[in-house]
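Undergrad: Need coordinates for the following:
(one chain, ligands or ions: 1)
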Amino acid sequence: MELAQTLHGMGNKTLQQTPPAMIRAFDQEISQIPDLVKLTLGEPGFDVPEHIKQAAIESIKQNDSHYTTAAGKPRLRQAVAADLKRRYQVDYDPASEVIVTNGATEALSAATFSLFNPGDKVIIPTPGYALYFPIIGYNGAVPVEVNTKEDGFILTPERLEQVIEENAPVKALLLNFPVNPTGRTYDKEQLAALAAVIKRHHLLVISDEIYGDLTYDHRHYSLVEEIPEQTILISGLSKSHAMTGWRIGYLAGPAELVKLITKMHSFLITCINDTAQAAAIEALENGQDDPVAFREEYHHRRDLMIKDLTAAGFEIATPEGAFYVFAKIPAAFGTDDFTFARAIAHEAKVGLIPGSVFGPGGEGYVRLSYAADEETIKEAMKRIKAYMAAQGKEA
Ligand SMILES: Cc1ncc(COP(=O)(O)O)c(C=O)c1O
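TA: Residues are numbered from 1 along each chain as shown. Below you'll find the predicted structure:
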């Protein structure tokens, strides 16, 4: 006991006071429940395409087992730059404006730790990805949370303008679209209007576009098409190529900032696993169409889930991208999303994430991931419908 207390006193105080990543904590809490069907995590229910696996096997055989330059193999950075050019008609210099990171997660941490000073104000639209809050907070920067619920879960230019004025001076915006947890995204006009405000106020933007390949109703428009000089673009292969465990992300932005972020990145991890980089080269050079089949399948699963959840009494703002449904808990079940998610887990044996872990605007909602395979989704929907009906409460 005494030893535990002494050791506790030795930890970094800021980190000790930083809450843990809530999605994983809740997932772990309910994972002990026997026979649980989980729709908790954003884990694609697909295998990595065969040609990518073969490239990795070949790399191992070729003894591709060394440190690479911190920013990543030159050919991989070239492939990232070529992909960005193909999609968004933007030019990035692979030598100075692109870094390959350990998933989008490390790109987010490295960028945050490199760019913000204690006290810097960073706007975060909410509900938003739960990781943003602890990493911004750990850094001593000040998150300015903007509840987007009343605007259909997107950040409007008017709201951004208002928040900037009320909180001046604001340094940056941490934007994510398609949005985890709501699946909402921006069309070309909406993004251009938002970019105009960002430009006028000289904000720096970290734009997390990890779900850019999973947009269902129109192509994904990137912020780098509007304001590349103010944007740090973050993406990766976790979602587009079902490669979560390979840990391949990337970051692209103005050389001056990328240089600084590369320094932090090298302090954190030195470089990415050599074989994973070989797999990523194959994915980007020859697997540009791999996400198409995934996208079609996710689209189908989304429609299936929306139909069943609506029938069970949930209200949903139709997700246009990513693989999440953010569903409003029917009024008869109260607004405490943790109580509801725990009840569904213990009684219906379905794992969901309580909406309030995603910040203001998420209370009274639950997030369901349709990255799981179709059988799992169908079983979960059957259980939820039966549970809701058995409660006998009017929606
Ligand atoms: C919005 C968002 N950003 C980043 C990540 C992390 O991605 P990666 O697996 O590439 O670290 C996720 C994963 O779920 C996410 O939803």
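Undergrad: and whichever strand or helix holds L84, what other elements does it pack with?
TA: In the assignment (DSSP states H and E), L84 maps to helix 74-88. For helix 74-88, the packing partners by 3 or more Cβ pairs under 8 Å, 6 or more residues apart in numbering; DSSP states H and E come out as strand 98-102, strand 248-252, helix 274-286. Any C-beta I mention is one placed from the backbone N, CA and C, and that applies to glycine too.
Undergrad: if you set the cut-off to 10 Å instead, what comes out?
TA: The contact analysis (3 or more Cβ pairs under 10 Å, 6 or more residues apart in numbering; DSSP states H and E) places helix 74-88 against strand 98-102, strand 231-236, strand 248-252, helix 274-286.
Undergrad: Burial check on the one residue in the chain that gets nearest to the ligand, number of neighbours?
TA: Nearest residue of the chain to the ligand: G103, at 2.6 Å (Cβ to the nearest ligand atom). Look at G103: counted by other Cβ atoms under 10 Å, it has 22 neighbours.
Undergrad: for P178, same thing?
TA: If you count neighbours by other Cβ under 10 Å, P178 ends up with 25.
Undergrad: Likewise for F340?
TA: F340 has 20 neighbours, counted by other Cβ under 10 Å.
Undergrad: What ranges in the chain fall below the confidence cut-off?
TA: 1, 393-395 (pLDDT under 70).
Undergrad: And the strands in it?
TA: In the chain, strands defined by DSSP state E lie at 37-38, 98-102, 121-126, 142-147, 172-176, 204-208, 231-236, 248-252, 315-316, 324-328, 350-351, 353-354, 365-369, listed in chain order.
Undergrad: Point out the other helices and strands that the second one packs with.
TA: Read it as strand 98-102. Against strand 98-102 (3+ Cβ pairs under 10 Å, 6+ apart) you get helix 74-88, helix 103-115, strand 231-236, strand 248-252, helix 255-269, helix 274-286.
Undergrad: try the fifth one
TA: Contact analysis of strand 172-176 by 3+ Cβ pairs under 10 Å, 6+ apart lists helix 103-115, strand 121-126, helix 132-138, strand 142-147, helix 157-167, helix 188-200, strand 204-208, strand 231-236 as its packing neighbours.
Undergrad: circling back to that earlier point, briefly note if the helix holding L84 comes near the ligand.
TA: No: for helix 74-88, no contact with the ligand is found by Cβ under 6 Å from any ligand atom; the gap never falls below 13.6 Å.
Undergrad: Next, the angle from that helix to helix 274-286.
TA: Relative orientation of helix 74-88 versus helix 274-286 (axes from the mean of the first three to the mean of the last three Cα atoms, to 10 degrees): 40 degrees.
Undergrad: The residue nearest to P360 when sequence neighbours are not counted and H346, how far apart?
TA: Using Cβ to Cβ, 6 or more residues apart in numbering and skipping the chain neighbours, the partner closest in space to P360 is N147 (4.3 Å). N147 is 30 Å from H346, where distance means Cβ to Cβ, to the nearest Å.
Undergrad: Those two - which one has more neighbours?
TA: Counting neighbours by other Cβ under 10 Å for N147 and for H346 shows that N147 has the greater number, 16 against 11.
Undergrad: So in terms of bridging, what pairs with the more buried one?
TA: With DSSP bridges applied, N147 shows beta-bridge pairing to T126.
Undergrad: can I assume it is in contact with I123?
TA: No: with contacts counted by Cβ atoms under 10 Å, N147 stays clear of I123, the gap being 11.7 Å.
Undergrad: Overlap in contacts, the two.
TA: R159 (Cβ atoms under 10 Å, 6 or more residues apart in numbering).
Undergrad: Can I get the helices and strands packed on helix 74-88 in JSON lines including mean neighbour count?
TA: Shown next, in JSON lines, are those (neighbours: other Cβ atoms under 10 Å):
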{"stretch": "strand 98-102", "mean neighbour count": "26"}
{"stretch": "strand 231-236", "mean neighbour count": "27"}
{"stretch": "strand 248-252", "mean neighbour count": "27"}
{"stretch": "helix 274-286", "mean neighbour count": "22"}
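Undergrad: buried sites along the lengthiest helix in the chain?
TA: For the chain, the helix with the greatest residue count under DSSP state H is helix 290-311. For helix 290-311, burial by neighbour count (16 or more other Cβ atoms under 10 Å) applies to 290-291, 294-295, 297-299, 301-302, 305-306, 308-309.
Undergrad: Stretch 128-145 too?
TA: Buried residues in stretch 128-145, defined by neighbour count with 16+ other Cβ under 10 Å: 128-139, 141-145.
Undergrad: ok, and which of those residues reach the ligand?
TA: Y129.
Undergrad: Let me see the domain layout of the protein.
TA: The record's domain parsing of the chain by automatic domain parsing lists 2-47+290-390, 66-286.
Undergrad: quick one: is the first one near the ligand?
TA: So the one you mean is domain 2-47+290-390. Yes: Domain 2-47+290-390 lies within reach of the ligand by Cβ under 6 Å from any ligand atom, at G42.
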